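In: Below is the structure, and that's it, no one-letter string:
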């Protein structure tokens with residue numbers, strides 16, 4: 001069974017940092033892409049970052065470039081998202097998702113809430 005478990009959210013002051021973790025089971029991360037998305041109250045879900053499993057290519061939304069870093073540990077089948085220099089506008093529920101045999105992200109984990117106080 002494919003499962004993605006996101007964790008690591010919490011309350012942090014503006015300028016602070018968090019590291020989100022996406023634990024993957026049911027497939028090997030190295031063969032697919034994993035993405036991080038977020039959804040703030042009243043807003044549409046947006047893509048934040050993703051990493052391609054085989055070659056490690058990464059992508060970042062313009063709003064997080066230079067502040068967020070996606071990485072992976074293939075031995076642990078885990079993907080991380082380091083959030084630095086957090087801003088109040090980064091506050092959202094963050095989700096990790098996988099694109100398995102599809103051109104879109106078709107497996108989703110539950111979200112983890114990031115709250116940024118100003």
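Out: Sure, I can see it. None of the values given here were measured: they were computed from a predicted structure.
In: For residue 16, which residues are in contact?
Out: 86, 116 (Cβ atoms under 8 Å, 6 or more residues apart in numbering). Using the backbone N, CA and C atoms, a C-beta is placed for each residue, glycine as well.
In: rerun that using 10 Å as the cut-off
Out: By Cβ atoms under 10 Å, 6 or more residues apart in numbering, the residues touching residue 16 are 10, 83, 84, 85, 86, 116, 117.
In: measure it to residue 109 for me?
Out: According to Cβ to Cβ, to the nearest Å, residue 16 stands 23 Å off from residue 109.
In: One more: residue 13?
Out: Distance of residue 13 to residue 109, given as Cβ to Cβ: 26 Å.
In: Those two: which is more packed in?
Out: residue 109 (20 against 10; other Cβ atoms under 10 Å).
In: I'd guessed that one sits against residue 24; true?
Out: Yes: counting by Cβ atoms under 10 Å, residue 109 does reach residue 24; the two are 8.7 Å apart.
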